[in-house]
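Engineer: Sequence and computational prediction follow.
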There are 2 protein chains.
Amino acid sequence: MCETIQIRDAKGHIGQKVRLRGWLRNKRSGKNIHFLIVRDGSGEMQCVAVGEVLSEEAMDLCDRMGIESSLDVCGELSADDRAPGGVEMQVSQVEALQLVEDYPIAKKEHGTEFLMANRHLWLRSSRQIAIMRVRDEVEKAWADFFYDHGFARVDTPIFTPNAVEGTTTLFDVDYHGDKAYLSQSGQLYNEATAAALGRVYCFGPTFRAEKSKTRRHLLEFWMLEAEAAFFDHEDNMRFQEELILDTMRAVLENCAEQLAILERDTSKLEMVRAPFPRMHYRDAVKLINEKMPGREGEFEYGSDFGAPEETFLGEQSEQPLFITNFPANTKAFYMKRDPGDPETVLGSDLLAPEGYGELIGGSQREDDLEAILARVREFKLPEEAFEWYFDLRRYGSVPHSGFGIGLERTLSWLCGVPHIRETIAFPRMLHHMYP
Amino acid sequence: MCETIQIRDAKGHIGQKVRLRGWLRNKRSGKNIHFLIVRDGSGEMQCVAVGEVLSEEAMDLCDRMGIESSLDVCGELSADDRAPGGVEMQVSQVEALQLVEDYPIAKKEHGTEFLMANRHLWLRSSRQIAIMRVRDEVEKAWADFFYDHGFARVDTPIFTPNAVEGTTTLFDVDYHGDKAYLSQSGQLYNEATAAALGRVYCFGPTFRAEKSKTRRHLLEFWMLEAEAAFFDHEDNMRFQEELILDTMRAVLENCAEQLAILERDTSKLEMVRAPFPRMHYRDAVKLINEKMPGREGEFEYGSDFGAPEETFLGEQSEQPLFITNFPANTKAFYMKRDPGDPETVLGSDLLAPEGYGELIGGSQREDDLEAILARVREFKLPEEAFEWYFDLRRYGSVPHSGFGIGLERTLSWLCGVPHIRETIAFPRMLHHMYP
């Protein structure tokens, strides 16, 4: 038997006879010839089956073989610039592992509902595979980036005993008689581990019981949150810029093929440069009230931005855009006030260009015990739930900052995919949890 | 102001005057001299403060500075083999960011209950920091290993619509009127994505509502699950061996300092070699019944092993040990039968040496539709819940295998930590969910 290879390694086997196992992506047939496009998860290859070489039985098999049949083929590889991937196989032997004749996802257009109900099969399409590959690449780039920058990954808990910021968007669980909430953020825990390990991050699923059905919301999504002792607000924003540039570099370098399949205009990504522009919240409000179609003069100072405002603001810039200095009462209790502008906080949201919305939210944290106690009281939060958190301000408090970046939103931007449901393998949305 | 550095980079700054920010780990004082052991998360350094150099005020500050005070020190670095880390600072300037005089975790021994209630502070101890560093290293090693072997990371959902293997150990959530269960395994989803991407893995938190209070159980733990199309049972076991060897290599190479703090006997790790020994379930039962103290003759053929049996079997071998060929009725419905021994399955558990218990469970999966339907009926599982899963056997079914490895159990073994609660930052156990 000849050597079994993966398609991604095919270029190293030109002129050799090899074996491939995979699925039939597509087929074109002519008189006494079949062009089988085979995919094996690592890539795609055109395998040419001709009657001069194969038995009548084998040619008949190729004839009957429908899309997504699983198969085992042997043949010699040759370089062919016209073939996708640049390599082609002259088939000398072919076997079907399973003949499929009625694959439910045909080439004709299907509605979203049908595709979502068949997500386990839809994931085999070129487009969905490309998005999953970019996702994998971004996750790897993040793991490398934080490791190389001396950040320790410390996983924070999903089950949390207290509802830190109100229960309306929290899922709860019966925890052997107690009530546990599914975490919406590992930040408070990151602050504890940053005091132990200096620079830390967590990365995991996050849950929001939101009723919204927008194209940017998932009930279960993945978020990376970083926290660094001795980072101030400036360090924090500079570090976010580095992260975004490095993520983009990894994707542009390693996912050119995937971005091509997704028809992503990469020139829009290639032009991104740091430092990113910054806009004071006050100026953002002014811009919305002056220029946002249909909203002129309507936006109230002191409100938080919704998806439409984030889209509008992001569209104003070819670069990712920091919105800074939100009014303190619009943002979480733990954000530190800007000493030079004390009605506002040392925090920022980073908006993607092209209207893809918020990628990152970050801030310097309040490190003074009295100040944070006052904020907890002002927000009417349950003080006793924060006793352990207050300890971080009692025992060796230091200046520190951090941020959270959403994986699916980052992918939505990098891949140019408008609906976030395609950026995760099995999206969980309002009234959608299957398969 | 002199350059601010991290302690891990100190060796590159010998002879220079630098600035450090961190926490006071420990202090020894003599006449007109203080040895301040400063930690900054990246390492520890001895900083020597002497009255000849510092003002009376600064010396007084050093005198009052208690453990876990946060501080900012400047001084010249010199090489000193006697100092931990090999570098020492001659302090020329010192400031307290926050003076702490009553840090609750003193050097005297505390009970587990106290330490667990103060986990957010306990994590600052050398031992806990060392374990978290090894954890970070293992997670990075896994990310690299799977990336380098062409496995795509595809995150599987936590919210799942059906209780696949009975509801007794499942947490459930009200999902806007429907019932969702928190996932205990991403495997079935991995099987779907493996048919799209060939080789895949998922890595995330996993939930078991178990009532057990053993030192090996957490209600929330992290598991990596891999799945590969065209891997048979042999490929699967060989790949697990590679993974274990690579994980061990990464930890031995990069965590020598941490393993020393943990007083781990690394010779036990260094002697691990592949291939790992294999033992048929039948022989394992025989061994238990012949040799296990207190259990001689008591273990019934056809039962699954509990923690005591796994400990006993693991202690019989200096190498990780595969137990193979479990009786089909003790294992999950999706495992493929061994054609040469059809009462048993093509599955294996990998037990750690030294009695640290099960690290990995893996198997070849049943890829025949009729066979898996029969198994689902035999186990009385809800057929309709598996409709999408059956599709994987209808449309291009291929031989495939996979496994799951527990992060905390792996760390327990590598670090030589008998109780799993120390291998995760914020352990969730029966009646323990704080902080």
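Structural biologist: Right, received. Where do you want to start?
Engineer: what's the closest non-adjacent residue to residue A:195?
Structural biologist: What sits nearest to residue A:195 in space, not counting adjacent residues and going by CB to CB, 6 or more residues apart in numbering or on different chains, is residue A:392, at 5.9 Å. Placement of C-beta: from N, CA and C, glycine included.
Engineer: right, and the one you found touches residue A:189 too?
Structural biologist: No: in this structure, residue A:392 is not within contact of residue A:189 by CB atoms under 8 Å, at 10.4 Å.
Engineer: Might you name the residue of the stretch 51-200 of chain A sitting closest to chain B?
Structural biologist: residue A:198 (1.9 Å; CB to the nearest CB).
Engineer: name the element the residue nearest to that residue when sequence neighbours are not counted belongs to?
Structural biologist: Once flanking residues are discounted, residue A:198 sits nearest to residue B:41: 1.9 Å by CB to CB, 6+ apart. For residue B:41, there is no host helix or strand (DSSP states H and E).
Engineer: burial of residue B:41, as a residue count?
Structural biologist: By other CB atoms under 10 Å in any protein chain shown, 27 other residues sit near residue B:41.
Engineer: List the contacts of it.
Structural biologist: By CB atoms under 8 Å, 6 or more residues apart in numbering or on different chains, the contact set of residue B:41 is A:194, A:196, A:197, A:198, A:199, A:229, B:6, B:22.
Engineer: Tell me where chain A has helices.
Structural biologist: Using DSSP state H, the helices of chain A run over A:56-64, A:112-117, A:119-122, A:126-148, A:187-197, A:233-254, A:256-261, A:267-270, A:281-291, A:307-315, A:369-378, A:387-394, A:407-415.
Engineer: now for those, which one comes closest to residue B:320?
Structural biologist: helix A:126-148 (25.5 Å; CB to CB).
Engineer: So for residue A:166, what's the pLDDT?
Structural biologist: In this model, residue A:166 is scored at 66, pLDDT.
Engineer: cool, and the one 3 residues further on?
Structural biologist: Predicted confidence (pLDDT) for residue A:169: 87.
Engineer: That one contacts residue A:206, correct?
Structural biologist: No: using CB under 8 Å, residue A:169 is not in contact with residue A:206, being 11.0 Å away.
Engineer: neighbour count winner among these two?
Structural biologist: Using other CB under 10 Å, the more surrounded residue of residue A:169 and residue A:206 is residue A:206, with 24 against 15.
Engineer: What sits closest to that one if chain neighbours are left out?
Structural biologist: residue A:223 (4.6 Å).
Engineer: partner residues bridging the one you found?
Structural biologist: residue A:204, residue A:406 (DSSP bridges).
Engineer: how far away is it from chain B?
Structural biologist: Counting by CB to the nearest CB, to the nearest Å, the gap from residue A:223 to chain B is 12 Å.
Engineer: per-domain residue ranges of chain A.
Structural biologist: Annotated domains of chain A cover A:3-98, A:119-423 [automatic domain parsing].
Engineer: Let's have those in JSON lines, adding distance to residue B:255.
Structural biologist: What follows is the domains of chain A, written out as JSON lines (distance: least, CB to CB, whole Å):
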{"stretch": "domain A:3-98", "distance to residue B:255": "32"}
{"stretch": "domain A:119-423", "distance to residue B:255": "12"}
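Engineer: winner for burial among the ones you listed?
Structural biologist: Comparing the domains of chain A by mean neighbour count (mean count of other CB atoms under 10 Å in any protein chain shown), domain A:119-423 ranks first with a mean of 19.
Engineer: for that one, how far is the first residue from the last?
Structural biologist: Using CA to CA, to the nearest Å, one end of domain A:119-423 lies 12 Å from the other.
Engineer: How about the backbone phi and psi for the residue nearest to residue A:198?
Structural biologist: phi 90, psi -30 (degrees, to the nearest 10).
Engineer: I'd like to know how far it sits from residue A:227.
Structural biologist: 11 Å (CB to CB, to the nearest Å).
Engineer: just for chain A, where's the confidence low?
Structural biologist: A:1, A:163-167 (pLDDT under 70).
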